[in-house]
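Visitor: Mind looking at a prediction? Sequence and model below.
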There are 2 protein chains.
Amino acid sequence: MATGSIQTTYSNGSDDVVVPDVVVERLPLYVRVLTALAASGIDMVSSEQLGDQLHMTPAQIRKDLSYFGRFGKQGRGYNVVALVNKLKTILGLDRSWNACIVGMGRLGRAIASYPGFAPEGFKIVAAFDADQSLIGTNVDNLPVRSISDIRQAVEEDDIAIGIVAVPAVAAQSVIDSLVDAGIEAILNYAPVTAYAPDHVKIKNIDPVISLQSMTYYLKS
Amino acid sequence: MATGSIQTTYSNGSDDVVVPDVVVERLPLYVRVLTALAASGIDMVSSEQLGDQLHMTPAQIRKDLSYFGRFGKQGRGYNVVALVNKLKTILGLDRSWNACIVGMGRLGRAIASYPGFAPEGFKIVAAFDADQSLIGTNVDNLPVRSISDIRQAVEEDDIAIGIVAVPAVAAQSVIDSLVDAGIEAILNYAPVTAYAPDHVKIKNIDPVISLQSMTYYLKS
DNA sequence: AGTAGTGTGTGCCTTATATCACAATCGGGA
DNA sequence: TCCCGATTGTGATATAAGGCACACACTACT
């Protein structure tokens, strides 16, 4: 759909493997169930058991993992803790990441106060808005700054991720600013089909679009 | 990934066509840009122009539309208003839909007060929670009811869509209740890989998972 | 040490999705 | 009325993703 690289190479010690995007998108799901399994004290798991939990075929799980190495043992399965650590390293989740929010309206504030980011290593370290009456105030202990400060803040605070929560009409220009400031990943909550150059990853969160495709299947 | 029908048939006057899921998921995007074009007074549009706006190839747009009929005219393109109306009808967006929210914590309240649903025809008509101290109170003019009332409410209020905003541990059982109550579409905000039978559509909204797959591509 | 049982990793095949490319068609102007 | 430029709709082809099935590896038990 949107332009962007479909795949990347993963340098796996010996040779470089081409990893499809869809595979990378599944890895966080593996991390999540493996983390839960580890927490409940289970130390080995088979691809079949993982498949049951994730509602996918064991073959797909094995193939996905095989892009990155050989983590399992025949007859035994995968060591839960070892595998989750390896996957976290692959995904870059063995460290924390700084993010900023652009747009501190109702939605931006809800995102800023969402308690699910921090435990996973995503820290929101800056907030921006275009509204002069908001700039300078504090929201959730975050000082709201002018959008024109983005570039400087991205450098100073080592911000890698931008979260866009502005109205649709402003979204593309905000995204351009973020890209221009050197950000490489964007989580876009604005209801637009946004454009970013190939080297910048962008993902959209749009509940209305999700609902609108589901109604197709509703009978009554 | 999750089990579920990959495709459905669309009865298009003469013959039944198999419509892939991915195609249906793109239709709302077409509706959105077409609506914007209509609002700006443009009355004809070509697949190439649509492709520019959506960052996809004209061929894909034409093929997607061709699953449902022949809406364009050679040499001219598509009539914007006629096409958007047709697509809305196909998607079931020519009417309004009732939805309920389960889980009236921080997230559930943010969803309930999100102003983006109503203009698109999605009405939140009921709210449920397990917390006795919340039941009976009003949130955003919505009375919070017990989860055990779901079945009755779904029937009485003609609710077609369930929005799940409960903690991860409670999500699957809530989804089972919704399915049991006869709901056919679920928008799940809980961070779990939820299961629903094939006849129930389920979509997940999970910003953390989205971030976690993007970090794979971050260099530094 | 030998053997039975289990589950991985992967080549090969199937299915799904995207793109190409061109005949068919439309509207406007000479 | 006929021709020309534009753009659709779609068969054919190319690419991508998923799943099967089995050789191989590992453990445990005798």
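Guide: The structure has been received and is ready for your questions. Numbering: from 1, shown residues only, chains lettered A, B, ... in the order given.

Visitor: Can you name every helix or strand that the longest strand seen in chain A contacts?
Guide: Longest strand in chain A, counting residues (DSSP state E): strand A:122-129. Helices and strands touching strand A:122-129, by 3 or more C-beta pairs under 8 Å, 6 or more residues apart in numbering or on different chains; DSSP states H and E, are strand A:97-102, helix A:106-112, strand A:142-146, helix A:150-156, strand A:159-164. C-beta coordinates here come from the backbone N, C-alpha and C atoms, glycine included.

Visitor: Buried ones in it, by neighbour count?
Guide: Residues A:122, A:124-129 are the ones in strand A:122-129 that count as buried (16 or more other C-beta atoms under 10 Å in any protein chain shown).

Visitor: quick one, helices of chain A?
Guide: Secondary structure of chain A (DSSP state H): helices at A:21-39, A:47-54, A:58-66, A:80-91, A:106-112, A:150-156, A:168-180, A:207-214.

Visitor: okay, these, which one's buried deepest?
Guide: helix A:207-214 (a mean of 21; mean count of other C-beta atoms under 10 Å in any protein chain shown).

Visitor: That one near chain B anywhere?
Guide: Yes - against chain B, helix A:207-214 shows contacts by C-beta under 8 Å from any C-beta of the partner chain at A:207-214.

Visitor: for stretch A:43-55, same thing?
Guide: Yes - Stretch A:43-55 is in contact with chain B by C-beta under 8 Å from any C-beta, via A:53-55.

Visitor: ok, those residues vs residue A:79, which is closest?
Guide: Here the nearest of the residues of stretch A:43-55 next to chain B to residue A:79, counting by C-beta to C-beta, is residue A:53; it sits at 16.7 Å.

Visitor: Find the nearest non-adjacent residue to that closest one, please.
Guide: Nearest non-adjacent residue to residue A:53, counting by C-beta to C-beta, 6 or more residues apart in numbering or on different chains: residue A:33, 5.0 Å away.

Visitor: wait, residue A:191 sits on residue A:208?
Guide: Yes - the pair residue A:191 and residue A:208 qualifies as a contact (C-beta atoms under 8 Å) at a distance of 6.3 Å.

Visitor: Overlap of the contact sets of these two?
Guide: The overlap between the contact sets of residue A:191 and residue A:208 (C-beta atoms under 8 Å, 6 or more residues apart in numbering or on different chains) consists of residue B:116.

Visitor: quick revisit: now for the helices and strands packed on strand A:122-129, which one comes closest to chain B?
Guide: helix A:106-112 (4.2 Å; C-beta to the nearest C-beta).

Visitor: can you list the domains in chain A?
Guide: Domain assignment of chain A by automatic domain parsing yields the ranges A:7-91, A:97-210.
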